[in-house]
Each structure stands twice: as C-alpha cells, then as structure tokens.
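**Q** Okay, sequence plus prediction incoming.
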Amino acid sequence: MPVHPTAIVDPAARIDPSAEIGPFCVIGPDVEIGARTRLMAHLYVDGHTMIGEDNVFFPYSTVGVASQDLKYKGELAYTKIGSRNKIREFVTIHRGTVGGGLETVVGDDCLLMTYSHVAHDCRIGNHVILGNSVGLAGHVTIEDWADVSPFSGVHQFCRIGRHSFVGPYSVIKQDVMPFSLTSHQPEVQVYGANAIGLARRGFEKPVIESLQTALRLLTRSGLNTTQAVERIRAEVPACAELEELLAFIAASERGVIKG
C-alpha cells in the first residue's frame, strides 16, 4: 500500500493494500482501513476504528479518539465508518461509551464538511450531509438523507428524521420530523415539507402534498399534537411516508420541533 515515509502506522493496524496513507498521518494499532480509502495528510486515527472502502479523509481530521464525556473511563469502545464518505478538514469523530452502546457509527455516502463534530455514540445514516461547523452532542441519531446546514448544534439524544433539512444556525433541542424543513428564523420552527429536496430525490407529487398537509396541521392549525395526528389520519391521503412521519412522532421521547 502507498504509505508516505513521514506517516506513522502501527504494525498491528489492518490496512488494505490499496489504501493510501498520506504525509504525517498517525494510525493506531486497532485501526482497520478498507480498500481504496485515502487519508490525504495529517490524519490521526486511534482506538478500535473500522473504516470501509473508497472513503476520502481530507487533512487535519481526528477519528476514533476518546470521548469528551467525563463519564468515559477508557472502556473498550468503537468507531465504525462505512464506505464512500468524504470527511473534510478538521472534522472530529469520537468513539462510543458504555452509556450509548459503545459505538459511534457513520454510514455510507456521507459528506461531513469542515469543522463538523460527531460526538460519542452518535449514529449517522447514509447520504447524510453535515455542514461546516455542525456540532452533534452525544447520542444523536441522524437518519438517511438528512441535511444539517452550517453552524447548527444538536442536543444530546435528539433524532433528525429521514430526508429532513435543517437550516443554518439552528439549535436543535427536540426531534426533527422526517421530510420536514426546519430552520431558525428567528427561532427554530418547521416551515412545511422539504419539498425541493424530496422532489430532487424522486418523491411523487401526491406524496409531497400529503406530507405538506400533515406538517401544516401539526405546526399551523393550533391543535396539539394528539389532535393534529387524529385529523391527519382522518383527512390526509395515506402513504408510506406519512406513516413513517406519524411513527416517528409517536416514538419521540423529547418531543418534536413544531414551532
């Protein structure tokens, strides 16, 4: 495998021969790196970290380092990163803890922009975008195709649903409903369905209209959540995406952002 002479790679690390380790990278003994993954330069990868295939790590990121959680006492924990991700400059991804299942997970085909932070025990799905300087506190779940815009922060244990869009400078303290457009203008609230994003991904117009109607009932009707859900079930044309939205709300422990 191509390893720059300035890189420090522990002999016990398991690195595919087609992977590339650039200048001044430091790779710990319990690291696994898959085929054709490229570490450009100045990467620090530590702990029990498993990285899949065809990823690109830009300079000055740290992956798999110990959690900042004060309860973490060095217990065996993991960092798992899938395939075809782009991890940009100064990204930090921390390993899991006992309190969160002992692993931090990033799926496939994600883009983590500069200075974004993935704390302990976060679980990021596939095709997720984290904008510049997005901060995820511990135990955050971000589902597939979600897009979190720059300079947003997400509180511990919050969930961000599938195909949702979070606008810039948002402070997320409750769950973000799937398919929703949620932003901070001037306070965090829902502005309906993520219609443009859904259309770009091939969702049919009747589905988008059902989601739009449901989200308006949830956020603009003056009804409480229980009343709004009853009206949605009675009045809005059913579809799988609508059922997913209602199931997400029913499972929420922190409540959902409505505005």
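**A** Right, received. Where do you want to start?
**Q** Every contact and neighbour count from this point should use C-alpha atoms.
**A** Will do.
**Q** can you map out the strands along the stretch 151-259 of the chain?
**A** Assigned by DSSP state E, counting those that start in this stretch, the strands in the stretch 151-259 of the chain fall at 153-154, 159-160, 165-166, 171-172, 180-184, 188-193.
**Q** Now render these as JSON lines, adding distance to Thr62.
**A** JSON lines is the format used below for those (distance: least, CA to CA, whole Å):
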{"stretch": "strand 153-154", "distance to Thr62": "19"}
{"stretch": "strand 159-160", "distance to Thr62": "24"}
{"stretch": "strand 165-166", "distance to Thr62": "25"}
{"stretch": "strand 171-172", "distance to Thr62": "24"}
{"stretch": "strand 180-184", "distance to Thr62": "29"}
{"stretch": "strand 188-193", "distance to Thr62": "31"}
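**Q** Of the ones you listed, which is nearest Pro11?
**A** strand 153-154 (37.8 Å; CA to CA).
**Q** what's the longest helix in this protein?
**A** If you go by DSSP state H, the chain has its longest helix at helix 205-220.
**Q** now that one against strand 180-184, angle please.
**A** Counting by axes from the mean of the first three to the mean of the last three CA atoms, to 10 degrees, helix 205-220 lies at 40 degrees to strand 180-184.
**Q** Now find how far off-centre helix 205-220 is within its chain.
**A** 24 Å (CA atoms, centre = their mean, to the nearest Å).
**Q** Low-confidence bits of the stretch 51-200 of the chain, can you list those?
**A** Applying pLDDT under 70 to the stretch 51-200 of the chain flags no residue at all.
**Q** got the residue ranges for the helices in it?
**A** With helices called from DSSP state H, counting those that start in this stretch, the stretch 51-200 of the chain shows them at 195-200.
**Q** and the chain, what are its domains?
**A** 8-142, 199-251 (automatic domain parsing).
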